[in-house]
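Colleague: Turn this into a structure:
(one chain, ligands or ions: 1)
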Amino acid sequence: MITKGLEVVSQNYIAGEWRSIQGEGQAVFNPSNTLEKIGEMYLSTAEDVLEAVAAAHAGFMIWKKKSGSEKSSYLYKMADALEQESEEVATLASKEMGKPIGEMLGEVMRGVNLLRFYAAEGVRPTGEVIPSTDADVLQYTKRVPLGVVGIITPWNFPVAIPIWKIAPALICGNSVVWKPAEHGVLTATFLMKVFEKANLPKGVLNLVIGKGSVVGQTLLEEAEIHAISFTGSTATGKNVASACAKRNIKYQTEMGGKNAAIVLNDANLEKTVPIILSGAFRSAGQKCTATSRIIVEKGIYPKFIAAVQEAMSAITVQEALNNQAYLGPVASKAQFDTVSEYTQLARKEGEIIAEGPLKTNQKGYYIQPLVVGGVSAKHRLVQEEIFGPVATVLQVDDVEEAIELCNDSLYGLSASIFTNNINKAMQFIDNVEVGMVRVNQETSGVEYQAPFGGMKWSSSHTREQGQAALDFYSQVKTCAIKHQF
Ligand code: NDP
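Modeller: Numbers count the residues shown, from 1 in each chain. Okay, here's the model as predicted:
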């Protein structure tokens with residue numbers, strides 16, 4: 001249905017049917033090898049969005065009447081279908097946005113786990129009994145769905161992020177219109193093909209492919225929807241928040257990060273350095289939770305730098321489908337251009353502490369991983385989200401200064417500390433201004449069943465995943481029944 005030879009063609013899925021998108025197609029190339037065409041993207045109009053939203057309204061009327069266990073069974077089927085097709089989904093996604101296949105398979109399995117986690121929520125309590133002051137009154141709360149939810153997702157986790165929004169939205173009884181990122185449209189189309197196997201009622205889950213400025217903006221401003229969940233850049237997130245606030249619809253925005261890892265004098269470097277490099281360079285640094293600042297106590301600084309230099313020489317930059325790839329290319333030409341500006345800035349104004357290999361034997365969006373020092377805490381490299389394989393190192397006198405620098409950021413998503421000193425670890429946990437606090441762990445890698453989100457400009461102060469997602473995708477009714485009347 002969606003494959004043309006070996007290529008994938010983007011299509012909309014509206015009211016339970018595949019719809020070809022009119023207009024001229026644009027070739028989609030593999031960022032690991034920009035000579036390889038992997039598919040074609042067609043872009044929807046505002047009318048397509050409004051049609052999908054109308055279908056979602058019809059779907060909602062059916063879906064909201066299903067019992068929790070009925071909704072569960074659909075989500076379990078979605079999980080089973082995804083597990084069966086995990087290799088195909090991961091391969092296409094790796095080809096489309098350049099994440100190494102091993103990591104992408106992990107991402108797909110995270111999607112399977114998320115679907116099963118939320119499927120199980122269908123038979124869990126959805127409210128509580130609150131004793132009334134009147135003995136003849138039963139007072140209780142119940143969660144009800146919001147209605148039609150718009151889901152706008154980025155390209156960096158083209159499988160897991162859509163699922164961590166779609167699965168809780170569905171189990172809470174909402175219908176969905178999903179707009180994936182431009183650099184993830186083929187994966188989105190294929191994922192929907194997989195989910196089609198679960199036979200959800202028509203209109204419950206709809207996919208609209210197209211530009212943020214057209215599809216996203218129509219969802220935000222014109223379409224009759226009841227909520228938006230967005231992940232992406234802070235600039236677009238601000239736009240989402242103000243559009244939703246004007247309409248008084250519920251929204252959540254998960255945005256950028258400038259995550260710090262603190263290394264104290266007592267850290268075990270043999271264990272710490274590989275974890276920090278993994279946080280900084282896996283997925284070519286394109287995670288909102290990637291380690292971007294490394295703050296090192298001065299007593300261990302020389303040893304830390306030497307260990308990083310040695311470890312960087314073992315990092316491999318390869319095409320995404322190569323099992324040996326530590327990191328692949330960045331996802332797109334736009335990413336390549338933006339990140340390259342930062343690497344040029346690092347070479348001009350900073351001091352290169354360590355660099356990984358430069359992949360030159362293939363045409364792709366490869367960036368040489370860099371660890372940079374010699375810049376002040378106010379430098380652009382330390383303050384701005386780079387979203388590429390570049391980490392900056394700062395030296396500090398003690399844990400107090402480390403926490404101060406860690407908090408000296410617009411963002412507050414994730415942060416780590418490496419130490420065996422429980423007092424200092426607790427001091428960090430208590431004083432760091434981030435949503436996800438990690439001790440002796442990567443800044444990335446928060447588990448799927450735990451709340452995900454940040455403070456300050458990293459999010460709209462809501463959380464995703466776990467129980468928090470159920471709070472977002474539902475609203476509470478307080479009910480009181482006088483039974484002796
Ligand atoms: P964007 O914020 O532009 O894109 C995220 C999503 O929002 C995409 O689906 C995009 O669609 C959509 N979108 C874009 N404009 C609008 C709009 N006006 N109204 C509604 N939706 C819109 O991020 P980019 O993909 O351009 O990436 C740029 C930078 O953002 C990265 O370099 C990184 O710094 C940051 N980023 C952060 C992420 C995170 O996980 N926190 C994820 C991705 C990016 P479309 O793709 O069609 O433009």
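
Colleague: Verify the contact between Pro31 and Ala331 for me.
Modeller: Yes - counting by C-beta atoms under 8 Å, Pro31 touches Ala331, with 5.7 Å between them. Backbone N, C-alpha and C define where each C-beta goes, glycine included.

Colleague: Return every residue with contacts to both of those two.
Modeller: 97-98, 365 (C-beta atoms under 8 Å, 6 or more residues apart in numbering).

Colleague: taking those one by one, which sit in helices?
Modeller: In helices, defined here by DSSP state H, the members of those are Met97.

Colleague: Tell me the buried residues within the shared contacts of Pro31 and Ala331.
Modeller: Buried members of the shared contacts of Pro31 and Ala331, counted by 16 or more other C-beta atoms under 10 Å: 97-98, 365.

Colleague: check contacts around Ile300.
Modeller: With C-beta under 8 Å, 6+ apart, Ile300 has these contacts: 263-267, 269.

Colleague: go on, Ser460?
Modeller: 237, 241, 251-253.

Colleague: Next: Asp134.
Modeller: Asp134 makes contacts with Lys482, as judged by C-beta under 8 Å, 6+ apart.

Colleague: can you give me phi and psi for it?
Modeller: The phi/psi pair for Asp134 (degrees, to the nearest 10) reads phi -100, psi 120.

Colleague: for the protein, what helix or strand is lowest in average pLDDT?
Modeller: In the chain, no helix or strand scores lower on mean pLDDT, DSSP states H and E than strand 3-4, which sits at a mean of 54.

Colleague: and the next helix or strand after that one, how far out from the chain's middle?
Modeller: Tracing the chain past strand 3-4, the next element assigned as helix or strand by DSSP states H and E is strand 7-9. Here strand 7-9 is found 24 Å from its chain centre; the criterion is C-alpha atoms, centre = their mean, to the nearest Å.

Colleague: before we move on, what about stretch 48-68?
Modeller: So, by C-alpha atoms, centre = their mean, the centroid of stretch 48-68 is 25 Å from its chain's centroid.

Colleague: Which strand or helix spans Val144?
Modeller: Assigned by DSSP H and E, Val144 belongs to strand 137-145.

Colleague: and that strand, which residues are buried?
Modeller: Applying 16+ other C-beta under 10 Å to strand 137-145 flags 139, 143, 145 as buried.

Colleague: Out of these, which comes closest to the ligand?
Modeller: Of all these, the ligand sits closest to Pro145, with 22.7 Å by C-beta to the nearest ligand atom.

Colleague: Leu470 is in contact with the closest one, correct?
Modeller: No - contact between Pro145 and Leu470 fails when scored by C-beta under 8 Å: they sit 10.8 Å apart.

Colleague: and for the two, which residues touch both?
Modeller: Cys172.

Colleague: And the buried ones among the shared contacts of Pro31 and Ala331, which is closest to Gln318?
Modeller: Gly98 (10.5 Å; C-beta to C-beta).

Colleague: and this protein, which residues reach the ligand?
Modeller: Counting by C-beta under 6 Å from any ligand atom, the residues of the chain lying close to the ligand are 152-156, 179, 181-182, 211-213, 216-217, 220, 231-233, 236, 239, 254-256, 288, 335, 338, 385, 387.

Colleague: Which of the three states applies to whichever residue of the stretch 351-485 of the chain sits closest to the ligand?
Modeller: At 3.6 Å from the ligand, Phe387 is the closest residue in the stretch 351-485 of the chain, using C-beta to the nearest ligand atom. The local conformation at Phe387, judged by DSSP: H, G, I helix; E, B strand; the rest coil, is coil.

Colleague: circling back: what does the strand holding Val144 rub up against?
Modeller: Outside of strand 137-145, the residues within contact range by C-beta under 8 Å, 6+ apart are 60, 63-64, 126-132, 172-174, 470, 473-483.

Colleague: Restricted to buried residues, select those residues in PyMOL.
Modeller: In PyMOL syntax, the buried subset of the contacts of strand 137-145 is picked out as below (16+ other C-beta under 10 Å):
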select buried, resi 60+63+64+126+172+173+174+470+473+474+475
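
Colleague: Can you report how many residues neighbour Cys406?
Modeller: By other C-beta atoms under 10 Å, 26 other residues sit near Cys406.

Colleague: Let me see the contact set for the residue nearest to it when sequence neighbours are not counted.
Modeller: Using C-beta to C-beta, 6 or more residues apart in numbering and skipping the chain neighbours, the partner closest in space to Cys406 is Ala260 (4.3 Å). Residues near Ala260 by C-beta under 8 Å, 6+ apart: 291-295, 405-406, 409, 415-416, 443.

Colleague: try Glu70
Modeller: Gly122.

Colleague: Now do it, the pLDDT please.
Modeller: Looking at Glu70, its pLDDT stands at 98.

Colleague: in which helix or strand would I find it?
Modeller: Following DSSP H and E, the helix or strand that holds Glu70 is helix 68-84.

Colleague: So for that helix, what gets flagged as buried?
Modeller: In helix 68-84, counting by 16+ other C-beta under 10 Å, buried: 68, 71-72, 74-83.

Colleague: Leu410 is in contact with Tyr456, correct?
Modeller: You called it Tyr, but residue 456 is Lys. Yes - if you go by C-beta under 8 Å, Lys456 and Leu410 touch, sitting 6.1 Å apart.

Colleague: Those two - which one has more neighbours?
Modeller: Applying other C-beta under 10 Å to Lys456 and Leu410 shows that Lys456 carries more neighbours, namely 19 against 15.

Colleague: Tell me the spacing between the more buried one and Ser292.
Modeller: For Lys456, the distance to Ser292 (C-beta to C-beta, to the nearest Å) stands at 15 Å.

Colleague: Then Leu405?
Modeller: 13 Å.

Colleague: quick one: contacts for the closest residue to Val390 other than its chain neighbours?
Modeller: Excluding the flanking residues, the one nearest Val390 by C-beta to C-beta, 6+ apart is Leu370, at 4.9 Å. By C-beta under 8 Å, 6+ apart, the residues touching Leu370 are 343, 346, 352, 354-356, 389-391.

Colleague: Val273 too?
Modeller: Applying C-beta under 8 Å, 6+ apart, the residues near Val273 are 304, 307-308, 311.

Colleague: ok, now Lys456?
Modeller: By C-beta under 8 Å, 6+ apart, the neighbours of Lys456 are 409-412, 433.

Colleague: Next one, pLDDT for it please.
Modeller: Looking at Lys456, its pLDDT is 97.

Colleague: do Asn174 as well
Modeller: Confidence score, pLDDT, at Asn174: 98.

Colleague: can I assume Val339 is in contact with Val390?
Modeller: Yes - using C-beta under 8 Å, Val339 is in contact with Val390, at 7.0 Å.

Colleague: Now for these two: what residues contact both?
Modeller: Joint contacts of Val339 and Val390 (C-beta under 8 Å, 6+ apart) are Gly285.

Colleague: All good on my end, thank you.
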